[in-house]
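S.K.: only geometry, no sequence info:
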């Protein structure tokens, strides 16, 4: 299958090796990416193995499937353009699907109405801890706690990019937390007990705390801090004598992933994700609908907590 990729960041260092090397599919890229790709130590030697098109439009004319790894607002526009292109039969999309859940619901309906195959880059299900949570959640008797502390690149370097702003699909909830929401929705979580975002500046969400539950499931307490001086990802549960246990202490959600040689650690998971798509084993639209519905409910119950300026941040108690 001829697969086009839009996105010169994660599209090149994540999706390109996953699709070209991991899935052995034919990749076509726009000429404007050539020099950037050539200069990368991880994927530069793949420059001569891809097909180059003079423009984005020329690339899309040749493509049978398209990866979109761009800003959520750009993704919305690109998807709608591709839904009108009969030659493009499949879409591999990034999260969040759109800048906010209302737009995501509408776009999902349009994609499903087109009958094109698609998948969304929710890859936590391919991690060891994510797979364990999926298999054990309904057998656990104690509440689950997920704590995620790190300093996002935009805070580390002071960048004012889209990943920092809620309105463009960024922040602790919409950009980072959306992966957790998708995983929990797949488990069966569908109710929000509480949700709170915290930030120093308007239109930002440095932190996200929430309690999510579902029928027959233990409460899941989430604590995400994207501007922390500490680096920690912890999945655990309260005391469950004699029952199943869930316990992971990592540096980040992908800490246990095996890197594919020189490639980013996420490439192995992306490969598995994309293989499911090419082999027509992708997650169904119903699962995606449940994740966006849960996202919508969480946001409807989310309150904003203005944070005082802070120079350092560390793990707080999970409650």
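M.R.: Looks like it arrived, so ask away. Computed from a prediction, not measured in an experiment: that's the story for all the values here. Numbers count the residues shown, from 1 in each chain.

S.K.: name the residues of the longest strand along the chain that come out as buried.
M.R.: The longest strand of the chain (DSSP state E) is strand 227-237. Buried residues in strand 227-237, defined by neighbour count with 16 or more other C-beta atoms under 10 Å: 227, 228, 232, 233, 234, 235, 236, 237. C-beta coordinates here come from the backbone N, C-alpha and C atoms, glycine included.

S.K.: low-confidence ranges, the stretch 151-300 of the chain, go.
M.R.: Within the stretch 151-300 of the chain, the ranges that satisfy pLDDT under 70 run 239-244, 256-261, 282-285.

S.K.: how about the strands in it?
M.R.: Counting by DSSP state E, counting those that start in this stretch, the stretch 151-300 of the chain has strands at residues 191-199, 207-213, 220-225, 227-237, 248-250.

S.K.: show me what the shortest one is packed against.
M.R.: Packing contacts for strand 248-250, counted by 3 or more C-beta pairs under 8 Å, 6 or more residues apart in numbering; DSSP states H and E, involve helix 128-136, strand 227-237.

S.K.: if I look at the residue nearest to residue 179 when sequence neighbours are not counted, how far off is residue 82?
M.R.: Spatially, and ignoring its direct neighbours in sequence, residue 179 is nearest to residue 124 (4.9 Å; C-beta to C-beta, 6 or more residues apart in numbering). Plainly put, residue 124 is 26 Å away from residue 82 if you go by C-beta to C-beta, to the nearest Å.

S.K.: could you do residue 148 as well?
M.R.: Taking C-beta to C-beta, one finds residue 148 at 33 Å from residue 82.

S.K.: just residue 146 next, same as before
M.R.: Distance from residue 146 to residue 82, by C-beta to C-beta: 34 Å.

S.K.: residue 23 now?
M.R.: In terms of C-beta to C-beta, residue 23 sits 20 Å off from residue 82.

S.K.: so where do the helices sit in the stretch 1-150 of the chain?
M.R.: For the stretch 1-150 of the chain, helices defined by DSSP state H, counting those that start in this stretch occupy the ranges 10, 16-17, 34-38, 56-62, 72-82, 101-114, 128-136.

S.K.: just so I know, which of the strands of the stretch 151-300 of the chain lies nearest residue 307?
M.R.: Of all the strands of the stretch 151-300 of the chain, strand 191-199 sits nearest to residue 307, with 4.5 Å by C-beta to C-beta.

S.K.: which neighbours does that closest one have in its sheet, and in what orientation?
M.R.: strand 207-213 (antiparallel), strand 302-306 (parallel) (DSSP bridges).

S.K.: max-length helix in this protein?
M.R.: When the chain is parsed with DSSP state H, its longest helix is helix 285-300.

S.K.: show me what it is in contact with.
M.R.: Helix 285-300 has contacts (C-beta atoms under 8 Å, 6 or more residues apart in numbering) with 96-97, 100-102, 104-105, 108, 111-112, 118, 120, 122, 173, 178, 181-182, 184-186, 189-192, 195, 210, 212.

S.K.: which parts of that helix are buried?
M.R.: Going by neighbour count (16+ other C-beta under 10 Å), the buried part of helix 285-300 is 285, 288, 289, 290, 291, 292, 293, 294, 295, 297, 298, 299.

S.K.: next one: stretch 8-27
M.R.: Using 16+ other C-beta under 10 Å as the test for burial, stretch 8-27 gives 8, 10-23, 25, 27.

S.K.: check the offset of stretch 125-142 from the chain's centre.
M.R.: Stretch 125-142 sits 18 Å away from the centroid of its parent chain (C-alpha atoms, centre = their mean, to the nearest Å).
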